[in-house]
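**Q** Give me a 3D structure for the following:
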Amino acid sequence: MTQAISMPSGGHPEFRTETMTYAHCQHCGRWFRTDLRFATVEDFELARIKKSTRTCPYCRKRMEVRKEHLRFDEVRNDARIKHTEGRYFL
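**A** You can find the predicted model right below:
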């Protein structure tokens, strides 16, 4: 699985950020990484997730993934993590 990595225009690796999207399983309650990718937290917040199903790698049950089941993480190489929870938009 590839990860979205962003760098400032100067290309300095000390500012590198890795982004990951996780889904919360409605059956077993665990978080698991998904293949949904967003470059920035703004992209994640503005995205509208259409009907999407995923299989939880822990309990092996399929679930419908909605925006409120997602979490977007930005992880900088200085170990700083920013979590953004999904919100439902009408």
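**Q** Is the one residue sitting closest to the centre of the chain within a helix or a strand, and which one?
**A** Centroid check for the chain by CA atoms, centre = their mean gives Thr21 as the closest residue, at 1.3 Å. Here Thr21, judged by DSSP states H and E, is contained in strand 17-24.
**Q** And Glu42, by the same measure?
**A** Counting by DSSP H and E, Glu42 is part of helix 41-46.
**Q** what pLDDT, on average, does that helix get?
**A** Computed over helix 41-46, the mean pLDDT rounds to 86.
**Q** Likewise for stretch 57-74?
**A** For stretch 57-74, mean pLDDT is 92.
**Q** can I assume the residue nearest to the centre of the chain is in contact with His69?
**A** No. At 10.6 Å, Thr21 does not count as touching His69 under the criterion of CB atoms under 8 Å. Backbone N, C-alpha and C define where each C-beta goes, glycine included.
**Q** can you give me the strands for this structure?
**A** Taking DSSP state E to define them, one finds strands in the chain at 4-6, 17-24, 31-33, 52-55, 62-65, 70-76, 81-85.
**Q** Chain neighbours aside, what residue packs nearest to the residue nearest to the centre of the chain?
**A** In this structure, Thr21 finds its nearest non-sequential neighbour in Leu36, 4.5 Å apart by CB to CB, 6 or more residues apart in numbering.
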